[in-house]
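Visitor: Compute the structure for the input listed below.
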Amino acid sequence: MTAHIIDGKAFAATLRTRLAAEVAAMAARGITPGLAVVLVGEDPASQVYVRSKGRMTREIGMASFEHRLPATTSQAELLALIARLNEDAAVNGILVQLPLPQGLDEAAVINAIRPDKDVDGFHILNVGRLATGQSAMVPCTPLGCLMLLRDHLGSLAGRRAVVLGRSNIVGKPMAQLLLRDSATVTIAHSRTRDLPDLCRQADILVAAVGRPHFVQGDWIRPGATVIDVGINRTDDGLVGDVDFDAVMAVAGAITPVPG
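Guide: Numbering: from 1, shown residues only. A predicted model of the protein is given here:
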């Protein structure tokens, strides 16, 4: 068996086209959505992410507001900026790039963002709403994974899903989204016993553990759909959490990394 490649780049391009049309329709009514991105410090990876987010925002016709602050920014100064953005009518969404420099309280910063402007979906109210099945802002990475799964599989109802990883950014919200689509969900992690056997039961496997080539080919149920969220920088370049070549021979579908 050779797995079908789920082309995330092509899917994203289609989505951007659709979003650009929606933004254009809003602009015709005199509305321009605005995203404010806040970067504190000079973390190289964070700078790349912020540039990418700004570029994508502008490409689809939205207003992009970037706030770059020095690593010496105090908690009070950062919270004051968020308070101003909360009240700014031109700003519809606020994103504070993580991680923050040492000494800043990430939880306090996240929870200072107005829940309806919390585009990352990290505010405790949005987390709670998602967990209880209410309408919420949802973290973008698990939402993108869900969209890819729906596009490839159609209904997820009754499918057995294993989520490898329990982070607040990917693992936990991914499990909640799959539950909301009526999948049967197990969250696994570094202390899970008999992990390969558990993975072999999954119709859907989402890997988000941050360990290169962690998931092996003999962990996969033949025909399963594998979503590899991992992005690991190695001597061989960027690789996922899944041993791609080995899993490719067993799975029914898989996402490449990059892509």
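Visitor: from here on, contacts and neighbour counts on C-alpha atoms
Guide: OK.
Visitor: all helices of this protein, in order?
Guide: 8-28, 44-59, 75-87, 106-112, 124-131, 140-153, 171-180, 195-199, 244-248 (DSSP state H).
Visitor: Out of those, the one nearest Gln97 is which?
Guide: helix 44-59 (6.7 Å; CA to CA).
Visitor: Check the offset of that closest one from the chain's centre.
Guide: Relative to its chain's centre, helix 44-59 lies at 15 Å (CA atoms, centre = their mean, to the nearest Å).
Visitor: and the angle from that helix to helix 8-28?
Guide: With axes from the mean of the first three to the mean of the last three CA atoms, to 10 degrees defining the directions, helix 44-59 sits at 50 degrees from helix 8-28.
Visitor: Okay, buried residues for helix 44-59 please.
Guide: By 16 or more other CA atoms under 10 Å, the buried positions in helix 44-59 come out as 46-47, 50, 53-54, 57.
Visitor: before we move on, what about stretch 203-214?
Guide: Quick answer for stretch 203-214 (16+ other CA under 10 Å): 203-213.
Visitor: Flag the least confident of those.
Guide: Least confident by pLDDT among the buried residues of stretch 203-214: that is Gly210, with 91.
Visitor: Isn't it up against Arg233?
Guide: No - judged on CA atoms under 8 Å, Gly210 makes no contact with Arg233 at a distance of 10.0 Å.
Visitor: Spit out the contact partners of the closest residue to Ser46 other than its chain neighbours.
Guide: Excluding its sequence neighbours, the residue lying closest to Ser46 (CA to CA, 6 or more residues apart in numbering) is Gln97, at 6.7 Å. By CA atoms under 8 Å, 6 or more residues apart in numbering, Gln97 lies in contact with 37-40, 46, 50.
Visitor: Restrict stretch 150-163 to CA atoms and write it as PDB.
Guide: Extracted C-alpha coordinates of stretch 150-163, given in PDB (Å, rounded to 0.1, in the frame of the first residue of the first chain):
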ATOM      1  CA  ARG A 150     -13.100  16.400   7.000                       C
ATOM      2  CA  ASP A 151     -12.000  17.100   3.500                       C
ATOM      3  CA  HIS A 152     -10.400  13.700   3.100                       C
ATOM      4  CA  LEU A 153     -12.700  11.400   5.200                       C
ATOM      5  CA  GLY A 154     -16.000  13.200   5.200                       C
ATOM      6  CA  SER A 155     -17.900  12.400   8.400                       C
ATOM      7  CA  LEU A 156     -15.700  11.500  11.400                       C
ATOM      8  CA  ALA A 157     -18.600  10.100  13.400                       C
ATOM      9  CA  GLY A 158     -17.700   6.800  15.100                       C
ATOM     10  CA  ARG A 159     -14.100   6.800  13.900                       C
ATOM     11  CA  ARG A 160     -11.400   5.900  16.400                       C
ATOM     12  CA  ALA A 161      -8.900   8.700  16.800                       C
ATOM     13  CA  VAL A 162      -5.700   8.800  18.800                       C
ATOM     14  CA  VAL A 163      -4.100  12.200  19.500                       C
END
